[in-house]
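Participant: Show me the folded form of this:
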Amino acid sequence: MIVRSAAWAGCAIALHTFVNTRLVRTPSASPPPCGERVSVLMPVRDEAHRVGPALRSVLAQTGVADLEVVVLDDGSTDGTADVVREIGGDRVRVVVGTPPPPGALGKPNACAGLAAEATGDVLVYVDADVVLAPHAVAAAVALLRANGLDLVSPFPGQLAEGWAARLAQPLLIWSILASLPLRLAERTGRPSMAVANGQFLVVDAAALRRCGGFESVRGEVLDDMAIARRVRVGGGRTAVVDGSGVARCRMYQGWAEVRDGYTKSLWSASGSPAAAGAFAAAFAWLFLLPPLAALRGSRAGLIGYAAAVVSRALAARRTGGRVGDAAAHPLSAALVLVLLARSWWGRRRGTLTWKGRALGGGG
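Facilitator: Presented below is the predicted three-dimensional model:
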């Protein structure tokens, strides 16, 4: 009975994923010229090895006549600022970030500093591991304005190399397409239904100021999700869209980066130890129990496993991922549960760090 119920739930998730792949918004391939002043803002910390392609793609943007580019160097020790100046010249303004105050984290503190420097009507945050298509900024701003939104998150296509990244990275966009009713989430003002990805984030400058800006989420590990919720609290509208056609991100490379990256953030995504336990139980029921049962000859287990694979494959096909990797979904689910446990263990011990900075915890 428990396997059969998991199989039915898996089929429902696959159907929901299919519907979302049809409904998810996509930035236009031929956007109209942007008549507003746009500030592209890039927070960097020890990114000398990869900031070049990202910055060059920003400087190659078309369709935005009034574009400023501001890069905030957040205490880099590897010469990142020198690389930025060499590539950008007088087209890029480099500012020196200030250390985060007590209780604040590096990324949201840097984003707050960038907003203070920006002069645009629209702020476009881009991470140093994201490469934009030439029309990406114009297309994202056009989508923001055409749909009456205050914040839009064009989810970049995830470039995954190596076994760990190929197991973990596709789950980011898949989890949204599989679980969130996109159009309902866009229409409702509920903060709990706000989703965003800080790799490529477009926000109306006035709306950001109204909600308190990144200063109001300086202590949040998942500052992108937190700022989207703050925008909604301030009366704004937000949406996540398929940005795989306009942006690509190579987030983590190798097991060590995947392990450390997810360990520092998964505890925050799950909310509390009780919520993490409930999520882990549900995730195992949905995506580990059916394939294990299938190995023992369960037809319901085989259906449940196939439904999960179909859901993953639909998301991958829609967002430019590897469709074949969907067959390894049980391994992806197992990896998430291991990293979730590791994240909460690090949180309780107070040992979580990111880029040389402590993330707090303990207790």
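
Participant: alpha carbons only for contacts and neighbour counts from here, please
Facilitator: Noted.

Participant: can you pull out the helices in the stretch 151-300 of the chain?
Facilitator: 163-168, 170-179, 182-187, 205-210, 223-233, 254-263, 266-270, 273-287, 289-295, 299-319 (DSSP state H, counting those that start in this stretch).

Participant: Give me the buried stretch members for the shortest one, please.
Facilitator: In other words, helix 266-270. Buried residues in helix 266-270, defined by neighbour count with 16 or more other C-alpha atoms under 10 Å: 266-268, 270.

Participant: next one: stretch 42-58
Facilitator: 42-48, 51-52, 54-55, 57-58.

Participant: and what of stretch 59-69?
Facilitator: Going by neighbour count (16+ other C-alpha under 10 Å), the buried part of stretch 59-69 is 59, 61-64, 67-69.

Participant: Now pLDDT and distance to residue 256 too, for the buried residues of helix 266-270, in JSON lines please.
Facilitator: Formatted as JSON lines, those follow (pLDDT from 0 to 100; distance: C-alpha to C-alpha, whole Å):
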{"residue": "266", "pLDDT": "91", "distance to residue 256": "15"}
{"residue": "267", "pLDDT": "88", "distance to residue 256": "18"}
{"residue": "268", "pLDDT": "88", "distance to residue 256": "20"}
{"residue": "270", "pLDDT": "82", "distance to residue 256": "22"}
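
Participant: Next up, the contacts around the residue nearest to residue 186 when sequence neighbours are not counted.
Facilitator: In space, and not counting its chain neighbours, residue 186 is closest to residue 239: 5.4 Å by C-alpha to C-alpha, 6 or more residues apart in numbering. By C-alpha atoms under 8 Å, 6 or more residues apart in numbering, the contact list for residue 239 reads 149, 151-153, 182, 185-186, 194-196.

Participant: who's residue 239 bridged to?
Facilitator: On the basis of DSSP bridges, residue 239 is bridged to residue 152.

Participant: residue boundaries of the strands in the chain?
Facilitator: Secondary structure of the chain by DSSP state E: the strands cover 34-44, 64-73, 92-96, 122-126, 130-132, 151-155, 157-158, 200-204, 238-242, 247-249, 353-354, 357-358.

Participant: partners of the second one, with directions?
Facilitator: Going back to what we said before, that points to strand 64-73. strand 34-44 (parallel), strand 92-96 (parallel).

Participant: Please name whichever of the ones you listed is nearest to residue 343.
Facilitator: Closest approach to residue 343 among these (C-alpha to C-alpha): strand 34-44, 24.2 Å.

Participant: could the contacts of residue 239 be laid out in a markdown table, adding pLDDT, distance to residue 119 and neighbour count?
Facilitator: Supplementary listing: these in a markdown table, determined by pLDDT from 0 to 100; distance: C-alpha to C-alpha, whole Å; neighbours: other C-alpha atoms under 10 Å:
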| residue | pLDDT | distance to residue 119 | neighbour count |
| --- | --- | --- | --- |
| 149 | 96 | 20 | 19 |
| 151 | 98 | 17 | 29 |
| 152 | 97 | 19 | 27 |
| 153 | 96 | 21 | 26 |
| 182 | 93 | 31 | 23 |
| 185 | 91 | 30 | 19 |
| 186 | 90 | 28 | 17 |
| 194 | 93 | 26 | 25 |
| 195 | 93 | 26 | 23 |
| 196 | 95 | 23 | 26 |
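
Participant: weakest of the helices of the stretch 151-300 of the chain in terms of mean pLDDT?
Facilitator: Mean pLDDT across the helices of the stretch 151-300 of the chain is lowest at helix 266-270; the value there is a mean of 87.

Participant: contacting residues for residue 191?
Facilitator: 228-230, 232-233.
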